[in-house]
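Participant: Sequence and predicted structure, then a few things I'm wondering about:
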Amino acid sequence: MLAACADRYGPPDVVVVRDVPLPTPGPGQVLVRVTAAPVTVADARIRGARFPKGFGHLPRLALGVRRPRATV
């Protein structure tokens with residue numbers, strides 16, 4: 001399956017479309033086919049590690065300190 005992957009924080013060019021293995025659902029789970037998904041300003045802020053003032057380091061602790069925890 002094709003997936004947009006970001007292995008590090010940065011500008012839009014850090015996102016690379018890769019062919020990744022299809023996930024296998026576990027017990028009690030289902031696999032959902034997604035044909036389209038939006039890209040919002042929140043996605044851009046997370047990718048660029050640009051968080052609103054006043055949040056401090058909490059977003060980095062939740063999303064990944066040195067690089068994003070979820071690369072897809």
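Facilitator: Cool, got the structure.

Participant: isn't L31 right up against P25?
Facilitator: Yes - in terms of CB atoms under 8 Å, L31 counts as a neighbour of P25; the distance is 4.7 Å. Where C-beta positions appear, they are placed from N, C-alpha and C, glycine not excepted.

Participant: List the contacts of the residue nearest to R18 when sequence neighbours are not counted.
Facilitator: In this structure, R18 finds its nearest non-sequential neighbour in C5, 5.1 Å apart by CB to CB, 6 or more residues apart in numbering. When contacts are counted by CB atoms under 8 Å, 6 or more residues apart in numbering, C5 is found next to 15-18, 20, 71-72.

Participant: now, the most widely separated pair of those?
Facilitator: V15 and V20 (13.6 Å; CB to CB).

Participant: The two: who's more crowded?
Facilitator: A direct count of neighbours by other CB atoms under 10 Å for V15 and V20 places V15 higher, at 16 against 12.

Participant: Please name the bridge partners of that one.
Facilitator: Beta bridges link V15 to A6, judged by DSSP bridges.
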